[in-house]
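*Asks:* give me a model of this one.
(2 chains)
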Amino acid sequence: MNEKDSSKKVGRRRFLKAGGVLAAVGALGSIVALVTGSERSGKVRKRARWIRVVDRPTLGETTADYKRFSGRDMFALYVPLKTQHDGVGSFEAEQASKAKRLATLMAAKRPGFTLPDQILSEGAWTVMHSAKPGAGLLSWTRISPHPQGETAALRYVDSPEEMASTVKTAARLYGAGMVGIAPMNEAYFNLKVPEDGPPQKGAQPQEKSIVFEDIDVPEVTDIRFAIPKRMKWVVTIAIPMDLDLLTLAPTPLGDTASALGYSHSAFVVSSLAEFIRGLGYQAIPSVNDTAQSVPFAVDAGLGELGRLNKLVTPEFGPAVRLCKVFTDMPMAYDKPIDFGLVEFCRRCKKCAEACPSRALSFDNEPSFNTKGPWNNPGHKAWFEDSYKCFQFWQKSNSACGICLVSCPYTKGKEAWIHDGVKATASVAPAADGLFRILDGTFGYGKQHDPGQWWKYSSQQDKRG
Amino acid sequence: MASNDDVFTIVIRKRSWWFWALALLWLALEVVFLQTALASVREGEYRAAAMSWVAAAVLAAAGFIAWFRRGGTRWSGEPNAQSE
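*Replies:* Numbers count the residues shown, from 1 in each chain, chains lettered A, B, ... in the order given. From the prediction side, this is the model:
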């Protein structure tokens, strides 16, 4: 081989190597783009490509029995159900026993139950506790002074896509983790707004009806909440919960994650409703009141309905709090999504195994069989036993959240591998069983040490 | 590299495309496991971190052993020089 031939051969080899490296980098880049999907087109934020947009929700089958829900959730139902199960006075006895246990735990300074732990949660509830449907922060009409003169008649008008983009951008600024636009569906509304707090002894519950009327402006009176029929758009929002706190459940310190989620929700929807009103439209902010948030979130493509009978998002799992704003501002609707969750839930069952009260379903298939009056019949789901769940709250001296943490889709945003696993589960359900085993082997979903939280958090920069 | 007095022979072994593909896959997995280990420590997922460190170490060891033991003509598909 002469020098000329040798240099030619080395050149070709280098060329082939460089080509191989470039091809591999290109392939890896494609995988990264497939997984992250973080690119933006103009003002539209695109999601990862493994999150498929579909026409109908993956678990959205309904029957003629599907009607508006009473609005009486477990908080309203627990006292009569407890009395029915364990006799008159059992609820009061249970509360007295719980208070005594809590005092003992606080005196013993048990991690997660100390006085600062308990009060941290109370502080986090503050905004939510001052937000009542139709009043104050959650007012159904404009809070700021109405503009005078020429600006009073100004109205923001653009294409439905642009209007949706503007509202979503504002929602994200106010603190929304995810935003979607769903079409109005009156069947998702509660029949009534229950009275605030536990019912007075011997008094009739003070419930107000929720009605739809041909009016221009929402109305709140002593007997009813009236929603304009022209409100055809629902801005649905998910607020991610603080995972450092949620992984401390079930303790008062862990409950702070829920409290913060609710208070952030109240802030976001009230700010967004006021923003929409300022643009010349009507808007009704809502947290857990007035209507079911989950079906709107499913329709808006924020996530799918999972085994917990809660929304599971591809990005944050079920560790989100939901809220919404009803409006007459015309916007482009979003569509439901499919990221392989229902198939994953069929095989996984990790939440049902982790639930200390055995309140979640172990059935292989979702069904129409409800578990109690807290469930809204007429739609297919893995229904939960909320009574068992709520009883555990009393015994554990705090709210729970173990199911939210145990879900394999609930993961921090730091490790890249989680997005890869979710992407693979979305396109290759055959790997679901393996991922479920690995999730347990790697120790995800276990309670973290509540005693470390204050020390750990004092070293973190929480300014975002 | 072999030496004989003042004469040095440099052996350049040709490696096939799938060797480089495997090497890139190995490198990508190493990066993913190491990143998972570091991220898991930051997230307080200490068991996941430990498992990821172990996976990264085992993969690294396997990769280096394969590199040194199977490097050379056998990867290229050409006849082994020593056997000729």
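
*Asks:* so the strand or helix carrying B:L24, near chain A or not?
*Replies:* Per DSSP states H and E: B:L24 is located in helix B:17-42. Yes: applying Cβ under 8 Å from any Cβ of the partner chain, one finds helix B:17-42 touching chain A at B:W17, B:W20, B:A21, B:L24, B:A28, B:V32, B:Q35, B:T36, B:A39, B:S40, B:R42. Placement of C-beta: from N, CA and C, glycine included.

*Asks:* need the phi and psi values for the residue nearest to the spatial centre of chain B.
*Replies:* Centre of chain B computed as the mean C-alpha position; nearest residue by Cα atoms, centre = their mean is B:G63, 3.4 Å away. Dihedral angles of B:G63 (phi, psi; degrees, to the nearest 10) stand at phi -60, psi -50.

*Asks:* in the stretch 1-150 of chain A, which spans are strands?
*Replies:* Ranges of strands in the stretch 1-150 of chain A, per DSSP state E, counting those that start in this stretch, are A:40-41, A:44-45, A:52-53.

*Asks:* comparing those, which yields the minimum mean pLDDT?
*Replies:* Ranked by mean pLDDT, these bottom out at strand A:40-41, with a mean of 46.

*Asks:* which parts of the stretch 51-200 of chain A are helices?
*Replies:* For the stretch 51-200 of chain A, the helices defined by DSSP state H, counting those that start in this stretch occupy A:74-86, A:90-107, A:115-129, A:160-174.

*Asks:* the first one versus helix A:90-107: what angle between them?
*Replies:* Okay, so that is helix A:74-86. 110 degrees (axes from the mean of the first three to the mean of the last three Cα atoms, to 10 degrees).

*Asks:* ok and the residue in chain A nearest chain B?
*Replies:* Closest to chain B within chain A is A:G443: 3.0 Å, counting by Cβ to the nearest Cβ.

*Asks:* and the pLDDT at that residue?
*Replies:* 95.

*Asks:* ok, it - contacts?
*Replies:* A:G443 makes contacts with B:E45, B:Y46, B:R47, B:A48, B:M51, as judged by Cβ atoms under 8 Å, 6 or more residues apart in numbering or on different chains.

*Asks:* so what's the second one up against?
*Replies:* Contact partners of B:Y46, counting by Cβ under 8 Å, 6+ apart, are A:G443, B:S40.

*Asks:* wait, a strand at A:V235?
*Replies:* Yes: the assignment for A:V235 (DSSP: H, G, I helix; E, B strand; the rest coil) places it in a strand.

*Asks:* skipping adjacent residues, who's closest to it in space?
*Replies:* Excluding the flanking residues, the one nearest A:V235 by Cβ to Cβ, 6 or more residues apart in numbering or on different chains is A:V325, at 4.4 Å.

*Asks:* helix, strand, or coil at the one you found?
*Replies:* Classification of A:V325 using three-state DSSP returns strand.

*Asks:* please apply the same query to B:K14.
*Replies:* coil.

*Asks:* what about it, how many residues close to it?
*Replies:* 14 (other Cβ atoms under 10 Å in any protein chain shown).

*Asks:* on that earlier part again, and the pLDDT at the residue nearest to the centre of chain B?
*Replies:* Here the pLDDT value assigned to B:G63 is 91.

*Asks:* I'd say it and B:L24 touch.
*Replies:* No: B:G63 is not in contact with B:L24 according to Cβ atoms under 8 Å; the separation is 11.5 Å.

*Asks:* okay, and the residue in chain B that chain A sits nearest to sits in which element?
*Replies:* The nearest approach of chain B to chain A comes at B:R47, 3.0 Å away (Cβ to the nearest Cβ). Using DSSP H and E, B:R47 maps to helix B:46-70.

*Asks:* equivalent analysis for A:A352, please.
*Replies:* Using DSSP H and E, A:A352 sits in helix A:350-354.

*Asks:* likewise for A:F435?
*Replies:* Using DSSP H and E, A:F435 sits within helix A:432-441.

*Asks:* next: A:A297.
*Replies:* Assigned by DSSP H and E, A:A297 falls in helix A:293-299.

*Asks:* and the contacts of stretch A:361-371?
*Replies:* A:59, A:63, A:65, A:307, A:309, A:342, A:346, A:349, A:352, A:376-386.

*Asks:* show me the residues you listed that map onto helices.
*Replies:* A:V342, A:R346, A:A352, A:S386 (DSSP state H).

*Asks:* return a ChimeraX selection command for the buried portion of those.
*Replies:* Of these, the buried ones can be selected in ChimeraX as follows, counting by 16 or more other Cβ atoms under 10 Å in any protein chain shown:
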select /A:342,346,352,386
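
*Asks:* let's have the ones in helices among the contacts of stretch A:361-371 in a markdown table, adding distance to A:P336 and pLDDT.
*Replies:* Converted to a markdown table, the ones in helices among the contacts of stretch A:361-371 look like this (distance: Cβ to Cβ, whole Å; pLDDT from 0 to 100):
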| residue | distance to A:P336 | pLDDT |
| --- | --- | --- |
| A:V342 | 12 | 96 |
| A:R346 | 18 | 96 |
| A:A352 | 24 | 97 |
| A:S386 | 25 | 93 |
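
*Asks:* and the ones in helices among the contacts of stretch A:361-371, which is closest to A:R321?
*Replies:* Closest to A:R321 out of these is A:S386 (17.3 Å), distances taken as Cβ to Cβ.

*Asks:* so A:A226 is in which element?
*Replies:* For A:A226, the element it lies in under DSSP H and E is strand A:224-228.

*Asks:* list the buried residues of that strand.
*Replies:* In strand A:224-228, counting by 16+ other Cβ under 10 Å, buried: A:F225, A:A226, A:I227, A:P228.

*Asks:* ok, what's across the strand from the last one?
*Replies:* Beta bridges link A:P228 to A:E213 when assigned by DSSP bridges.

*Asks:* please list all residues in contact with it.
*Replies:* By Cβ under 8 Å, 6+ apart, the contact list for A:P228 reads A:F212, A:E213, A:D214, A:I215, A:D216, A:V217, A:P218, A:Q282, A:D328.

*Asks:* show me which of the residues you listed are buried.
*Replies:* By 16+ other Cβ under 10 Å, these give A:P218, A:Q282, A:D328 as buried.

*Asks:* gap between the first one and A:Q452?
*Replies:* Counting by Cβ to Cβ, to the nearest Å, the separation of A:P218 from A:Q452 is 47 Å.

*Asks:* and what of the second one?
*Replies:* In this structure, A:Q282 and A:Q452 are separated by 48 Å, where distance is defined by Cβ to Cβ.

*Asks:* just the pLDDT for B:V11.
*Replies:* The model reports B:V11 with a pLDDT of 76.

*Asks:* for B:S16, same thing?
*Replies:* Confidence score, pLDDT, at B:S16: 84.

*Asks:* residue 66 - how many residues pack around it?
*Replies:* Using chain A here. 17.

*Asks:* chain B is the one I meant
*Replies:* 15.

*Asks:* ok, now how distant is it from B:L24?
*Replies:* 14 Å.

*Asks:* OK, contacts around the closest residue to A:M178 other than its chain neighbours?
*Replies:* Among residues not flanking A:M178 along the chain, A:A238 sits closest, at 4.1 Å (Cβ to Cβ, 6+ apart). Contacts for A:A238 (Cβ under 8 Å, 6+ apart) come out as A:176-179, A:297, A:302-303, A:311, A:313, A:316, A:320-322.

*Asks:* export these to JSON lines and tack on pLDDT and neighbour count?
*Replies:* Shown next, in JSON lines, are the contacts of A:A238 (pLDDT from 0 to 100; neighbours: other Cβ atoms under 10 Å in any protein chain shown):
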{"residue": "A:A176", "pLDDT": "97", "neighbour count": "25"}
{"residue": "A:G177", "pLDDT": "96", "neighbour count": "20"}
{"residue": "A:M178", "pLDDT": "97", "neighbour count": "26"}
{"residue": "A:V179", "pLDDT": "98", "neighbour count": "24"}
{"residue": "A:A297", "pLDDT": "98", "neighbour count": "28"}
{"residue": "A:L302", "pLDDT": "98", "neighbour count": "29"}
{"residue": "A:G303", "pLDDT": "97", "neighbour count": "30"}
{"residue": "A:L311", "pLDDT": "97", "neighbour count": "25"}
{"residue": "A:T313", "pLDDT": "98", "neighbour count": "26"}
{"residue": "A:F316", "pLDDT": "96", "neighbour count": "25"}
{"residue": "A:V320", "pLDDT": "98", "neighbour count": "27"}
{"residue": "A:R321", "pLDDT": "97", "neighbour count": "25"}
{"residue": "A:L322", "pLDDT": "98", "neighbour count": "25"}
